[in-house]
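Novice: here is a sequence with its predicted model. Questions after.
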Amino acid sequence: MICVVLGSHKSGTTLVSEILHRSGIPMIRESDAAGGYDAGNFYERREWVHLNQDILGSGDPAEDHPAPEQVFARQATVEAIRREVRLCEAEHTDWGFKDPRTCLTYPIWREILPEHVVIGVYRSLEEAWGNHVRRKRPRRRSFWKVVRMWSDHNRRLMEVLVRRRELGQPFILLSYEALMRGDEEFERLAEFLRRELVDPRQPDLYRSRARGGLRIAAADRVLNALGRPQPSRIRRRLDQLTGQTVEIPAIRRAGGLRVAEPAVQALSPTASAADGSAPRVPASSGS
């Protein structure tokens with residue numbers, strides 16, 4: 001079984017990845033598992049992060065750029081992804097990966113990965129802003145950067161999950177706040193994966209609190225007037241999707257989710273651009 005963890009930056013993807021890794025679903029190399037979050041261990045496969053950065057290029061929102069509406073990959077990047085997937089498939093029966101950027105690049109990965117499940121996690125914009133304020137000294141433009149990044153990633157996450165629901169492809173969406181405040185989300189994840197999970201949660205480290213409610217409400221009105229996606233609407237849709245899980249079929253749980261060499265029709269070299277890149281794939285078409 002391959003688990004793809006999707007979520008925005010600072011939304012709980014590291015915690016979910018750690019839960020999976022400690023529960024027997026390798027998310028990183030064991031040699032990279034030392035140390036915790038504050039020590040820089042985000043339970044990410046570093047090579048895969050670099051592949052996402054290569055896909056996004058200067059459009060990497062972590063570098064203060066708006067998320068691109070379309071993503072494309074050079075043929076060399078596609079081949080590198082295939083190599084990494086083959087290595088993981090050869091080493092593990094169950095495995096997974098996470099990188100918040102995959103919310104934006106998922107259309108590329110979807111065409112290359114064997115059959116997989118998606119585990120989404122989201123956090124309120126109020127808490128995301130509170131986390132930013134706690135960790136950094138906000139500059140004047142920091143607020144809008146956080147709003148943009150939260151909206152871009154969570155809108156794409158929402159689109160991926162809606163498409164997977166339409167196609168009957170397995171997914172679950174977790175609320176980070178609920179995951180940290182009680183056991184219901186943890187138990188939902190265990191039920192979805194049909195396995196006992198190791199619980200690494202440390203409630204005393206849950207230090208961020210909601211901030212900026214009035215400011216965020218004002219930003220919502222401004223974005224609505226500009227015809228841009230409103231964070232409040234994205235949040236309501238995500239709240240709804242937490243109750244619309246598509247379960248993993250029992251036969252697949254028992255035998256694993258596997259296909260042979262994945263076909264990458266959407267990234268066919270015959271349709272490559274003049275610069276050697278694969279054709280563009282609409283980011284909004286995620287499934």
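Specialist: Great, that's in hand. For clarity, every value in this text was computed on a predicted model and none was experimentally measured.
Novice: going forward, measure contacts and count neighbours with C-alpha atoms only.
Specialist: Noted.
Novice: ok, now which ones touch the residue nearest to Arg29 when sequence neighbours are not counted?
Specialist: By the measure of Cα to Cα, 6 or more residues apart in numbering, the closest residue to Arg29 outside its immediate chain neighbours is Arg45, 7.5 Å from it. Arg45 makes contact with 27-29, 97-98, according to Cα atoms under 8 Å, 6 or more residues apart in numbering.
Novice: could you pick out the buried ones from these?
Specialist: Among these, those scoring as buried are 27-28, 97-98 (criterion: 16 or more other Cα atoms under 10 Å).
Novice: please narrow those residues to those residing in strands.
Specialist: 97-98 (DSSP state E).
Novice: from the buried ones among the contacts of Arg45, which shows the smallest pLDDT?
Specialist: Comparing pLDDT over these, the lowest score belongs to Ile28 (88).
Novice: do I have it right that that residue meets Phe42?
Specialist: No. Counting by Cα atoms under 8 Å, Ile28 sits too far from Phe42 to count as a contact (9.5 Å).
Novice: and stretch 148-163, which residues are buried?
Specialist: Counting neighbours by 16+ other Cα under 10 Å, the buried set in stretch 148-163 is 148-162.
Novice: right, and the helix or strand after the helix ranked longest in the chain?
Specialist: Counting residues, the longest helix in the chain under DSSP state H turns out to be helix 142-167. Next helix or strand after helix 142-167 toward the C-terminus (DSSP states H and E): strand 171-175.
Novice: check which helices and strands the helix or strand following that next one sits against.
Specialist: The helix or strand immediately downstream of strand 171-175 is helix 176-181, counting by DSSP H and E. On a contact count with 3 or more Cα pairs under 8 Å, 6 or more residues apart in numbering; DSSP states H and E, helix 176-181 meets helix 184-193.
Novice: averaged pLDDT, the helix it packs on. What do you get?
Specialist: The pLDDT scores in helix 184-193 average 96.
Novice: contacts for that helix next, please.
Specialist: 172, 174-175, 178-179, 196-197, 247-248, 253.
Novice: now with 10 Å, please.
Specialist: Outside helix 184-193, the residues that touch it by Cα atoms under 10 Å, 6 or more residues apart in numbering are 1, 3, 16, 19-20, 23, 117, 119, 170-180, 194-199, 201, 242, 245-248, 253.
Novice: and those, which are buried?
Specialist: Neighbour-count burial within the contacts of helix 184-193 applies to 1, 3, 16, 19-20, 23, 117, 119, 170-177, 179-180, 197, 242, 245-248; the criterion is 16+ other Cα under 10 Å.
Novice: would you map the helices across this protein?
Specialist: Along the chain, the segments classed as helices by DSSP H run 13-22, 46-56, 75-91, 102-112, 125-135, 142-167, 176-181, 184-193, 213-225, 231-241, 250-255.
Novice: just put these in a markdown table and tack on distance to His65.
Specialist: Formatted as a markdown table, the entries for those read as follows, by distance: least, Cα to Cα, whole Å:
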| stretch | distance to His65 |
| --- | --- |
| helix 13-22 | 21 |
| helix 46-56 | 10 |
| helix 75-91 | 21 |
| helix 102-112 | 13 |
| helix 125-135 | 17 |
| helix 142-167 | 9 |
| helix 176-181 | 25 |
| helix 184-193 | 33 |
| helix 213-225 | 18 |
| helix 231-241 | 18 |
| helix 250-255 | 39 |
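Novice: nearest to Pro66, of those helices?
Specialist: For the helices of the chain, the distance to Pro66 is smallest for helix 142-167, at 7.4 Å, taking Cα to Cα.
Novice: who are the packing partners of that closest one?
Specialist: Helix 142-167 makes packing contacts with strand 2-6, helix 102-112, strand 117-122, helix 125-135, strand 171-175, helix 213-225, helix 231-241 when contacts are defined by 3 or more Cα pairs under 10 Å, 6 or more residues apart in numbering; DSSP states H and E.
Novice: rank those by pLDDT, which is bottom?
Specialist: Set side by side, those give their lowest mean pLDDT on helix 125-135, at a mean of 83.
Novice: now for Glu196: which residues touch it?
Specialist: Under the criterion of Cα under 10 Å, 6+ apart, the contact partners of Glu196 comprise 23-24, 187, 189-190.
Novice: whoops, I mixed them up, Leu223
Specialist: Neighbouring residues of Leu223 by Cα under 10 Å, 6+ apart: 229-231.
Novice: shaky segments in the chain?
Specialist: Applying pLDDT under 70 to the chain picks out residues 30-41, 59, 62-64, 135-141, 207-208, 251-287.
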